[in-house]
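Trainee: predicted structure and sequence below. I'll ask about it afterward.
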Amino acid sequence: MSRILFRQIPKDAKLLAVGNFFRANSSGSSWHLASIFSQKNEMEQRQFGLEMSCILGIGREFVAEDDVPYRSHGFQKRLKLPPIAEWREKLLGECPRLSRRLARNPEVASQRCFVFEADGLTVWLPKFELARKLFFHAGFLARSAFEPRHDLLGAEGSGRHPYPHPS
C-alpha cells in the first residue's frame, strides 16, 4: 500500500476554514493561502502555496492512512439549485451556524458567500469553495489562475510556449 502525506498538514488535523489569498508586495513574490486547522481541540493557522487550494476542502480530516490522505466530513444532500437571480451575497460572519471562535476571526468572517434556499435549507456557499470545486482541480490550474503568464506562456512569461503549437 502507498501512503499519501501532505507534509505541511499535521496528521489528524481537520480543516475548519480557508482564509484569503495573499502575497508580499514585492516583485516575484508567490501567492499563499491562509487556513485554520483544528487538532486536539486547538486551532492553528497555517499558510500554504496556492497549489494546495485543490485539496483544502473545508471539513476534511487529514488522516494520512494507506491510500486515504483525508476523509471528508459534513452534511451531504443532493439539492436542486434555484436560479442564480435568487442567490444573495453575504459575509460568512453573518451566518448564524458559524461557530463563535471562527466568527471572531476577521479572515473567516469577511469571506463572501452566496446564500440561497434549496429544498427547505438555507445554504451558505463560500465563493472560494465554489471556485475551488469548479476550477482548482490541480495545482497547475490554481497557479494559472493567479500567475497566468508564467504557466501558459512559458518560462517567466517570455511568450515562448512550453508545448509546440499544432499546425
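Mentor: Looks like it came in fine.
Trainee: show the pLDDT at residue 87.
Mentor: Model confidence at residue 87, given as pLDDT, is 97.
Trainee: and if you look at residue 157?
Mentor: pLDDT, read off for residue 157, is 46.
Trainee: over to residue 58?
Mentor: 87.
Trainee: how many neighbouring residues does it have?
Mentor: By the criterion of other CB atoms under 10 Å, residue 58 has 18 neighbours. Placement of C-beta: from N, CA and C, glycine included.
Trainee: wait, what's in contact with it?
Mentor: Listed by CB atoms under 8 Å, 6 or more residues apart in numbering, the contact partners of residue 58 are 15, 16, 17, 18, 74, 126, 129.
Trainee: filter the residues you listed to the buried ones?
Mentor: Using 16 or more other CB atoms under 10 Å as the burial test, the contacts of residue 58 include 15, 16, 17, 18, 126, 129 as buried.
Trainee: tell me the one of the residues you listed nearest residue 101?
Mentor: Residue 101 has its nearest neighbour among the buried ones among the contacts of residue 58 in residue 16, at 8.7 Å by CB to CB.
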